[in-house]
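Trainee: Mind folding the following:
(one chain, ligands or ions: 1)
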Amino acid sequence: MQKNDELILKIEDMGVDGAGIGKADGMTFFVKDAVIGDVVRAKLMKLKKTYGYARLMELLEASPDRVEPKCPYYRQCGGCQIQALSYEKQLEFKERKVRNNLERIGGFSEIPMEPIVGMEEPYHYRNKAQFPVGTDKDGHIVTGFYAGRTHTIIPNRDCALGLPVNREILDLVIDFMEKYHVSAYDEKTGKGLVRHVLIRCGFTSKEKMVCLIINGKSLPHSEKLVEALREIDGMTSISINCNTGRTNVILGRKTIVLWGQEYITDKIGDISYQISPLSFYQVNPVQTEKLYGTALEYAGLTGNETVWDLYCGIGTISLFLAQNAKKVYGVEIVPQAIEDARRNAALNGIENAEFFTGKAEEVLPEQYERNRVYADVIVVDPPRKGCDQVCLDTILKMAPKRVVYVSCDSSTLARDLRYLADGGYQVEKVRCCDMFGQSCHVETVVLMSRKDK
Ligand code: SAH
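Mentor: Residues are numbered from 1 along each chain as shown. Predicted structure coming up:
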């Protein structure tokens, strides 16, 4: 077998990144865009000892679970790895992936898994979109998305994960740029003005924000753009953000309001949040409420508890918990996020939440050693790499009754749960929640309790 050979493969499984898996000659092949149940003709692109990567050339037999993807660009884009699989099967795939990791990496068996929480509407769920702006070979301004792993813009103003209003807004921005000869940024030369268009919508408030990220300090004829955008229902915030760096980072530090406020307001459950262009905010607010609702349920609060919320971001979980706890302490490494958390606590009249800036693995041990701080419940929601071991050791020393682990990566989750299990905790409940339909990502909430309590 060698590169460029063609194979007929029956797809029997899917890998963690959503690629179809088929076997031939004792080897395993990963075929992007093929789904379980397909029979495909695929061309060998890369060959390793026991496995290889092959490109989907022809669908010989379509899986019964295959659906027509909504987006005509899904194969080029790569943002939605499993759009061709029915949503029901997407959920099964995600649940299986988490269970496998807990078994294989965590060494758990008889895992108490509750049914995965799926979305009612697995499209148009994102409240935020960032569209790159460029110029095509005929000199027209284009916007869309980067073709998988490159920075070539494929024109598309209708991402199926975003809201229909994105298109209306982009049409106005591009018309404005064409009419007033406002240039698009060119990554290769570092010249040109408009780099990205950031759009955010409050799902409950219906407020809308448009921010143009520009390679400069001002936007010529901006009053004309404002005039057009103001007509959009719910428009609340129009701004520019200055980013003159030759970098892939989208936003710069400075935002200048052109019209309205710097922020929009939105609600998750009963809590309101002010969101500015630079703020972190969950992109799927409908599922976020269910995810944090699960965390709250698992925390089992009666109103008398002291709770630590580690990796708290802008305090979304902390403020949720604070409604039912005596005291909540949040810890987060990004200072601006902590500023947002404090502001959001004040905005909601929440007085029993306190926030620390710093690394969880430094703040928690320090507070424990120095002040003997106590916890009934500890909630963690770390980034993909999971918790630092020092953080887990401190949790074990503090010995809370319950640990609630919210995870976006089930392999590090499994590793950390094993560590806590070896330290005296047991897994009580596991519930997956789908925040990112059409992609292979999944969030998981786990409740652990101390065996001796
Ligand atoms: N629960 C939050 C988001 C959690 S995302 C919310 O819903 O808003 C993970 C967070 O962990 C990010 O905000 C990231 O900045 C923070 N983080 C990353 N490493 C950290 C560390 N070592 N200590 C504390 N926070 C960290």
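Trainee: Let me know how buried D452 is, in neighbour terms.
Mentor: Per other CB atoms under 10 Å, the neighbour tally for D452 reads 7. For the C-beta atoms, the positions are set from N, CA and C on the backbone; glycine is no exception.
Trainee: mind listing what V446 touches?
Mentor: 298, 404-405, 407, 413, 417, 427, 429-430 (CB atoms under 8 Å, 6 or more residues apart in numbering).
Trainee: brain fart, I232
Mentor: Taking CB under 8 Å, 6+ apart, we find I232 in contact with 165, 168-169, 172, 208.
Trainee: Can you verify it is assigned to a strand?
Mentor: No: the assignment for I232, made by DSSP: H, G, I helix; E, B strand; the rest coil, is coil rather than a strand.
Trainee: returning to that earlier point: in terms of distance to the ligand, which of the contacts of V446 ranks first?
Mentor: Nearest to the ligand among the contacts of V446, counting by CB to the nearest ligand atom, is S407 at 10.2 Å.
Trainee: That closest one touches L413, doesn't it?
Mentor: Yes: under the criterion of CB atoms under 8 Å, S407 makes contact with L413 at 3.8 Å.
Trainee: Between these two, which contacts overlap?
Mentor: Listed as contacting both S407 and L413 by CB under 8 Å, 6+ apart are 386, 444, 446.
Trainee: so which strand or helix has the last one?
Mentor: Same thing as V446. strand 443-450 (DSSP states H and E).
Trainee: Going along the chain, name the strands of the stretch 201-350 of the chain.
Mentor: 208-214, 235-242, 254-260, 264-268, 271-275, 306-310, 327-332 (DSSP state E, counting those that start in this stretch).
Trainee: Among the ones you listed, which comes closest to the ligand?
Mentor: Shortest distance between the ligand and the strands of the stretch 201-350 of the chain, using CB to the nearest ligand atom, is found for strand 327-332: 4.8 Å.
Trainee: neighbouring strands for the closest one, and are they parallel or not?
Mentor: Looking at strand 327-332 with DSSP bridges, its partner strands are strand 306-310 (parallel), strand 353-357 (parallel).
Trainee: Make a markdown table out of those and add mean neighbour count and mean pLDDT.
Mentor: Shown next, in a markdown table, are these (neighbours: other CB atoms under 10 Å; pLDDT from 0 to 100):
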| stretch | mean neighbour count | mean pLDDT |
| --- | --- | --- |
| strand 306-310 | 27 | 98 |
| strand 353-357 | 19 | 97 |
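Trainee: Would you tell me which residues of the stretch 351-453 of the chain are close to the ligand?
Mentor: By CB under 6 Å from any ligand atom, the residues of the stretch 351-453 of the chain that approach the ligand are 359-361, 381-383.
Trainee: Thought Q274 was touching K267, still the case?
Mentor: No: with contact defined as CB under 8 Å, K267 does not count as touching Q274 (10.9 Å).
Trainee: returning to that earlier point: and of the shared contacts of S407 and L413, the nearest to the ligand?
Mentor: For those, the nearest to the ligand is G386 (10.0 Å; CB to the nearest ligand atom).
Trainee: Let's verify the closest one: helix, strand, or coil?
Mentor: coil.
Trainee: Tell me, what's the model's pLDDT at it?
Mentor: At G386, the model reports a pLDDT of 98.
Trainee: Now do the contacts for it.
Mentor: So G386 contacts 407, 409, 412-413, 415-416 (CB under 8 Å, 6+ apart).
Trainee: quick one on the thing from earlier: which neighbours does the strand holding V446 have in its sheet, and in what orientation?
Mentor: According to DSSP bridges, strand 443-450 forms sheet pairs with strand 402-407 (antiparallel), strand 425-433 (antiparallel).
Trainee: right, so the ones you listed: which one is the most enclosed?
Mentor: Of those, the one with the most neighbours on average (mean count of other CB atoms under 10 Å) is strand 402-407, at a mean of 25.
Trainee: Can you show me the CA trace of that strand as CSV?
Mentor: Listed next in CSV are the C-alpha coordinates belonging to strand 402-407 (Å, rounded to 0.1, in the frame of the first residue of the first chain):
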residue,chain,number,x,y,z
ARG,A,402,-18.7,17.5,46.6
VAL,A,403,-16.6,18.3,43.6
VAL,A,404,-18.4,19.4,40.4
TYR,A,405,-16.2,19.2,37.4
VAL,A,406,-17.3,21.0,34.2
SER,A,407,-15.1,20.0,31.3
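Trainee: For that strand, give the mean pLDDT please.
Mentor: 98.
Trainee: Enumerate the residues of the stretch 151-300 of the chain near the ligand.
Mentor: Counting by CB under 6 Å from any ligand atom, the residues of the stretch 151-300 of the chain lying close to the ligand are Q282.
Trainee: give me the low-pLDDT residue ranges for the protein?
Mentor: For the chain, the stretches with pLDDT under 70 are 453.
Trainee: Tell me which residue in it sits closest to the ligand.
Mentor: Closest to the ligand within the chain is G313: 2.7 Å, counting by CB to the nearest ligand atom.
Trainee: Hmm, that residue is touching E339, no?
Mentor: No: using CB under 8 Å, G313 is not in contact with E339; the gap is 11.8 Å.
Trainee: Go through this protein and flag its longest helix.
Mentor: Using DSSP state H, we find that the single longest helix of the chain is helix 87-104.
Trainee: Give me the angle between that one and strand 402-407.
Mentor: Comparing the axes of helix 87-104 and strand 402-407 via axes from the mean of the first three to the mean of the last three CA atoms, to 10 degrees yields an angle of 120 degrees.
Trainee: so which of the strands paired with strand 443-450 gets nearest Q287?
Mentor: Taking CB to CB, strand 425-433 is the member of the strands paired with strand 443-450 nearest to Q287, at 6.0 Å.
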